[in-house]
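S.K.: structure, please.
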Amino acid sequence: MKKIGPRKLEIPESPYRDLEFLESLEGRTLRILSEYVWPMARLEKLKVESTILFLGSAKASPASSNSILNKYYWEAEELAFRITKWGMNLKPRGRKYVVCTGGGPGIMEAANRGATRAGGKSIGMNISLPQPQLPNPYITPELSFTFHYFFMRKFWLLYKARAVIAFPGGFGTLDEFFEIITLLQTGKVSRKEVLLILYGQDYWDRVINFQALVDCGAISQDDVKLFSVFSSPLETFNFLKRCLPEMD
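M.R.: Purely as a prediction, here's the structure:
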């Protein structure tokens, strides 16, 4: 009878170190959970209490005047500057009304840029896409996130927001705006907790005919009161400065 000696003992890899498992279909739940827990831990560590979310086109550019979108770049930069400067003087300092964006170029970059000019921190919540969208250079490094799942990114964009400002944009901006206004309309998000603003009346009047929705009976007249419309950084800032403390 052949004598069999002991095999060399090999310690198996821990599941959380097994990249093949983590990237598999079976590991999807863990990937989703990590995109929930990871930002929570980071935001708590850095003591971010509340945010102001900026939405808008990634195509707005500071270097060109060929598009109607481009003037909004500098207006977003100025508004974010004013909000950050104000928020940094509130107690606890630097924790309230932190500028938050989707982390990419265009209006997102402008808002992070304005916060940087004010000397404050700002958040960028980027998304991994087939054509990579790199985080813009003005995000505070420790507050730069990249998500795989759109729904987890949307959750964190809104979770700590006390105001959402939708600058002119395309499909992504429209998607985010309508999701938030639906949450407000259905009461899933309280109207007393989040202010929703459309910035740039000329643009939005051309793009969306809200009164037509009312006239057709698709929404009520009260639904149009779920958001406010402004067209200047100072006007928008004064509204936020007046209303946000009343909500706290």
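S.K.: low-confidence bits of this structure, can you list those?
M.R.: The model of the chain has pLDDT under 70 over residues 1-7, 64, 66.
S.K.: contacting residues for the residue nearest the centre of it?
M.R.: Most central in the chain under CA atoms, centre = their mean is residue 157, positioned 3.5 Å from the mean C-alpha point. Residue 157 is in contact with 53, 100, 102, 125, 176, counting by CB atoms under 8 Å, 6 or more residues apart in numbering. Placement of C-beta: from N, CA and C, glycine included.
S.K.: if any of these are buried, put those into a ChimeraX selection.
M.R.: To isolate the buried subset of those in ChimeraX, counting by 16 or more other CB atoms under 10 Å, use the following:
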select :53,100,102,125,176
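S.K.: let's have the contacts of residue 157 in JSON lines, adding secondary structure and distance to residue 28.
M.R.: Listed next are the contacts of residue 157 as JSON lines, based on DSSP: H, G, I helix; E, B strand; the rest coil; distance: CB to CB, whole Å:
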{"residue": "53", "secondary structure": "strand", "distance to residue 28": "27"}
{"residue": "100", "secondary structure": "strand", "distance to residue 28": "26"}
{"residue": "102", "secondary structure": "coil", "distance to residue 28": "23"}
{"residue": "125", "secondary structure": "strand", "distance to residue 28": "20"}
{"residue": "176", "secondary structure": "helix", "distance to residue 28": "24"}
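S.K.: turn the contacts of residue 157 into TSV, columns for distance to residue 168.
M.R.: TSV is the format used below for those (distance: CB to CB, whole Å):
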residue	distance to residue 168
53	15
100	18
102	14
125	20
176	13
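S.K.: the contacts of residue 157: which two are farthest apart?
M.R.: Farthest pair in the contacts of residue 157 (CB to CB) is 100 and 176. Separation: 12.1 Å.
S.K.: next, count neighbours for residue 79.
M.R.: Using other CB atoms under 10 Å, residue 79 has 29 other residues around it.
S.K.: now, which of the contacts of residue 157 sits nearest residue 47?
M.R.: residue 100 (14.7 Å).
S.K.: any idea how far residue 130 is from that closest one?
M.R.: Taking CB to CB, to the nearest Å as the criterion, residue 100 is separated from residue 130 by 24 Å.
S.K.: cool, residue 71 as well?
M.R.: Relative to residue 130, and taking CB to CB, residue 71 is found at 30 Å.
S.K.: among the contacts of residue 157, which one lies nearest to residue 182?
M.R.: residue 176 (10.9 Å).
S.K.: was I right about that closest one contacting residue 54?
M.R.: No - applying CB atoms under 8 Å as the test, residue 176 and residue 54 come out as separate, 10.7 Å apart.
S.K.: which parts of this structure are helices?
M.R.: In the chain, the segments counted as helices under DSSP state H are 19-22, 28-45, 70-87, 107-117, 150-159, 171-186, 201-207, 210-215, 233-247.
S.K.: remind me what the fourth one packs against, helices and strands.
M.R.: With contacts defined as 3 or more CB pairs under 8 Å, 6 or more residues apart in numbering; DSSP states H and E, the secondary structure elements packing on helix 107-117 are strand 51-55, helix 70-87, strand 98-101, strand 122-127.
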